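Asks: Quick one: sequence and predicted model below, then my questions.
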Amino acid sequence: MANDDARGEAIRAFFEAPGNENLFPNCPFRRELSHLHECDAASGDMILGHMLGHIIDHRAGQPCRNESGEMISAISQDNIQHELRFVYNDCNNPRLNEDRQSGADLDPAVLDPYQYPEYHGFDPEQRGCFGADSRAELMAEAIRTYMRDPNYLKTVAPNVAARIRAAVNPNPALNKIIQFN
């Protein structure tokens, strides 16, 4: 599947469609869509899941203004930033994931951030995303994680999971395609 040129075609087509070409332009994974055929299966699946998370966030969200005053659509992140950032770090922190692959059983929730700073604080800002772009990255990654492992997200970020369910499940544009339990 890693060399399948059709991989992710529907997601690429969404982002190339008129009116969508400027959605999430600073997402570090957006530029990878045209290179999916070069990715291993796990990396490709992660990129596609993340970009699908952006689409779901956009479709399920409510109109709001970003820092530039532009109208965008996004799921509200009021009072769930801490959980969103925990999930992003836990799933994307390169040092944490590298050490886990070598067999270490590491849980940032129980590791003291002062004693183990390398396992904490990896955010979209480390990938060059700030403001509204950072928030979009946090939600896209939370949605990707929910699709991949619902029990994980409901356990470590129950308020994020509830917010995603509340935005997606009653949405008639999405609920015939995807439901979150």
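Replies: Everything's here; your move. Residues are numbered from 1 along each chain as shown.

Asks: Any idea how many residues pack against residue 63?
Replies: Neighbour count of residue 63, defined by other C-beta atoms under 10 Å: 8. Just so you know, the C-beta spots here come from the backbone N, C-alpha and C atoms, and that holds for glycine as well.

Asks: Go through the worst-scoring helix or strand of the chain on mean pLDDT and flag the buried ones.
Replies: Here the helix or strand of the chain ranked lowest by mean pLDDT, DSSP states H and E is strand 62-65, holding a mean of 80. Within strand 62-65, not a single residue qualifies as buried, counting by 16 or more other C-beta atoms under 10 Å.

Asks: Would you check how far apart residue 140 and residue 51 are?
Replies: 7 Å (C-beta to C-beta, to the nearest Å).

Asks: Now the common contact residues for these two.
Replies: Any residue near both residue 140 and residue 51 by C-beta atoms under 8 Å, 6 or more residues apart in numbering counts here, and that gives residue 27.

Asks: Just give the closest residue to the most centrally placed residue in the chain, not the sequence neighbours.
Replies: The centroid of the chain falls nearest to residue 141 when counting by C-alpha atoms, centre = their mean (1.5 Å). For residue 141, ignoring the flanking residues on the chain, the nearest one in space by C-beta to C-beta, 6 or more residues apart in numbering is residue 88 at 5.1 Å.

Asks: And for residue 136?
Replies: residue 24 (5.7 Å).

Asks: host element of the residue nearest to residue 118 when sequence neighbours are not counted?
Replies: Closest residue to residue 118 apart from its sequence neighbours, by C-beta to C-beta, 6+ apart: residue 95 at 4.6 Å. Using DSSP states H and E, residue 95 falls within helix 94-101.

Asks: what's the answer for residue 73, then?
Replies: Residue 73 is part of strand 71-74, with elements assigned from DSSP H and E.

Asks: Tell me the buried residues in that strand?
Replies: Those would be 72, 74, for strand 71-74 by 16+ other C-beta under 10 Å.

Asks: Quick one: distance of it to the chain centre.
Replies: Offset of strand 71-74 from its chain centre (C-alpha atoms, centre = their mean, to the nearest Å): 16 Å.

Asks: now the angle from the next helix or strand after that strand to helix 94-101?
Replies: Next helix or strand after strand 71-74 toward the C-terminus (DSSP H and E): helix 81-92. Counting by axes from the mean of the first three to the mean of the last three C-alpha atoms, to 10 degrees, helix 81-92 lies at 50 degrees to helix 94-101.

Asks: Dump helix 81-92 to PDB, restricted to CA.
Replies: C-alpha atoms of helix 81-92 as PDB (Å, rounded to 0.1, in the frame of the first residue of the first chain):
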ATOM      1  CA  GLN A  81      -6.700  23.000  25.700                       C
ATOM      2  CA  HIS A  82      -4.800  21.100  28.400                       C
ATOM      3  CA  GLU A  83      -6.200  17.700  27.200                       C
ATOM      4  CA  LEU A  84      -5.600  18.600  23.500                       C
ATOM      5  CA  ARG A  85      -2.000  19.400  24.200                       C
ATOM      6  CA  PHE A  86      -1.500  16.300  26.300                       C
ATOM      7  CA  VAL A  87      -2.800  14.100  23.400                       C
ATOM      8  CA  TYR A  88      -0.700  15.900  20.800                       C
ATOM      9  CA  ASN A  89       2.500  15.500  22.900                       C
ATOM     10  CA  ASP A  90       1.700  11.900  23.800                       C
ATOM     11  CA  CYS A  91       1.200  10.900  20.100                       C
ATOM     12  CA  ASN A  92       3.800  13.100  18.400                       C
END
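
Asks: Thanks again, I'm all set now.
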